[in-house]
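**Student:** For reference, the sequence and a predicted model appear below.
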Amino acid sequence: MPDLNSPQWSLRPPSPQPSSSPSSPPASHSDAIPARSSKASPTTPPLPHPSAVQPAEHDDEVHKLPPFYSPRPIPVSRAISELDLNSLDSHQSRSRIASPGQSSRAGNDTDSELPGLVSPAFTPPSTPGISTPSSRDPATRPAKSVPVDSTTADGGCGSKKPKLLKKLPEVNCIVRARIPTTTGTEMFLHLYHNSEDNKEHLAIVFGDKIRSRSLDAVRPGETEMDRLIRGAYTGRLYPGRTTSELADKSGQRSKEEQVVKDQAPLVRIHSECYTGETVWSARCDCGEQLDEAARLMSLPPSPSNPSNGGVIIYLRQEGRGIGLSEKLKAYNLQDLGSDTVEANLLLRHPADARSYGLATAMLVDLGVKEIRLLTNNPDKVRAVEGPNREVVVKERVAMIPLAWRKGSVGGIRSAEVGGYLKTKIEKMGHMLQMNEAG
Ligand SMILES: Nc1nc2c(ncn2[C@@H]2O[C@H](COP(=O)(O)OP(=O)(O)OP(=O)(O)O)[C@@H](O)[C@H]2O)c(=O)[nH]1
């Protein structure tokens, strides 16, 4: 059994191997989302002087740059001094890259001393009920859900209007395989093709109750071995198995379907982040969020966590949809003094170029109608429901950074991640308050 009690719980193997990670960057970043191409070309106009940025191009953005905007001359690491980071212990690990066997997402730090206290200047918005319940061991507690009703203005998911496609894209699960993980937990990796782009989006399914309709559908002319090879089988594979369905198929199916119907599973919609998930970046909390979602979905069932298992929809939306090359430029702008939103706008991208129709379509294909969504992002809550509420978010489960939780020794601790989270709260409407008490 996995040691889920460890606060250092991570799906990451001791020696990271970027080339084999599912988060390796796609060959192309030609997102189907309405962002301009991230590929450099001879016709690409030069980066405008900051004063020439036209925020009106992105009318739907939360934040608009004033016409006189220029990147602040203050190093971004200064922003940390404005934050409530009194839970940080600057004497913890100082290495950016963890030593072998240690989670690289736990206890990261910067070379500079982190300030111990907070400026009263920053008072983040609070969302009632998003604190994680107290427990002696923060790593074993399930996250607390907040009821959501997206049909009302004050339904617990912010007031922003998401971009919704008129019609859901078509998705097709091409192959599924069992993946035993380094924690001992197993998951089934589902690889999807779709009608919107040519990227391989993924569904990481924990537990054996959730099945893909498109994967299970019989394909013309296929043999039983074809079905076994593409993962369209029930139960488990073993040497010598020749049929894709188990003998007691009918009873098992109806029981599985009943469980899915009765209990809204945990769902995380996760956007690819090569830097945070593969090369140990402490600029963002993406890797930690991926690990935490997997940890919660691996917890055994309990009264407070009735639907064990769950789904991580892993979308190839690197850099909030602008692609890795543009995100790296944005990081350079951030080192020059911009925050994560300003940097995107200076590069003539929206602050957030993502849409979530693919996630909705994949959840529909997996037969998941009602969900408990792990997110702080109000856009995701509304957008994943789709144009006709094909999926309904029953509850939202906040993703509290591990470093902010009382009693936690893990989590990402850096000046950069502090500034990044502050900007997401202040400018992107994230439903999170600094220094969540555990
Ligand atoms: N452009 C840009 N993208 C970033 C930056 N930092 C992280 N990202 C990307 O932001 C995305 C992270 O999004 P999610 O993990 O889905 O998180 P979220 O939208 O903030 O919402 P949550 O569900 O609350 O986590 C990934 O695609 C990262 O690559 C940055 O500074 N600039």
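**Tutor:** That came through, no problem.

**Student:** Quick check: which helices or strands does the helix or strand harbouring E342 pack against?
**Tutor:** Using DSSP states H and E, E342 sits in helix 340-346. The contact analysis (3 or more Cβ pairs under 8 Å, 6 or more residues apart in numbering; DSSP states H and E) places helix 340-346 against helix 324-335, helix 415-428. (Each C-beta comes from the backbone N, C-alpha and C, glycine too.)

**Student:** quick one: average pLDDT of the first one?
**Tutor:** Spelled out, that is helix 324-335. Across helix 324-335, pLDDT averages out at 98.

**Student:** so does it get close to the ligand?
**Tutor:** Yes. Using Cβ under 6 Å from any ligand atom, helix 324-335 comes into contact with the ligand via 327, 330.

**Student:** Tell me which other helices or strands that helix touches.
**Tutor:** On a contact count with 3+ Cβ pairs under 8 Å, 6+ apart, helix 324-335 meets helix 274-277, helix 340-346.

**Student:** most tightly surrounded among those?
**Tutor:** helix 340-346 (a mean of 25; mean count of other Cβ atoms under 10 Å).

**Student:** what is the mean pLDDT for the helix or strand just after that one?
**Tutor:** The C-terminal neighbour of helix 340-346 among helices and strands, as given by DSSP H and E, is helix 357-365. Mean pLDDT, computed over helix 357-365, is 98.

**Student:** Next: stretch 204-217.
**Tutor:** Mean predicted lDDT for stretch 204-217 stands at 96.

**Student:** With only the CA atoms kept, save stretch 338-356 in PDB.
**Tutor:** Taking Å, rounded to 0.1, in the frame of the first residue of the first chain, the C-alpha atoms of stretch 338-356 are listed here in PDB:
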ATOM      1  CA  SER A 338       6.200  42.200 -14.500                       C
ATOM      2  CA  ASP A 339       3.800  39.800 -12.900                       C
ATOM      3  CA  THR A 340       2.400  36.700 -14.500                       C
ATOM      4  CA  VAL A 341      -0.600  38.600 -16.000                       C
ATOM      5  CA  GLU A 342       1.300  41.600 -17.200                       C
ATOM      6  CA  ALA A 343       3.900  39.400 -18.800                       C
ATOM      7  CA  ASN A 344       1.300  37.600 -20.900                       C
ATOM      8  CA  LEU A 345      -0.300  40.900 -22.000                       C
ATOM      9  CA  LEU A 346       3.100  42.400 -22.900                       C
ATOM     10  CA  LEU A 347       3.600  39.400 -25.200                       C
ATOM     11  CA  ARG A 348       0.200  40.200 -26.800                       C
ATOM     12  CA  HIS A 349      -1.500  37.100 -25.300                       C
ATOM     13  CA  PRO A 350      -4.600  37.100 -23.100                       C
ATOM     14  CA  ALA A 351      -3.800  36.600 -19.400                       C
ATOM     15  CA  ASP A 352      -5.400  33.200 -19.800                       C
ATOM     16  CA  ALA A 353      -5.800  31.700 -23.200                       C
ATOM     17  CA  ARG A 354      -7.500  28.500 -22.200                       C
ATOM     18  CA  SER A 355     -10.900  27.000 -22.800                       C
ATOM     19  CA  TYR A 356     -12.300  23.800 -21.200                       C
END
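
**Student:** Is it in proximity to the ligand?
**Tutor:** Yes. Applying Cβ under 6 Å from any ligand atom, one finds stretch 338-356 touching the ligand at 340, 344.

**Student:** Identify the residue spatially nearest to T275, adjacent ones excluded.
**Tutor:** Distances taken as Cβ to Cβ, 6 or more residues apart in numbering place S281 nearest to T275, at 3.8 Å, with adjacent residues excluded.
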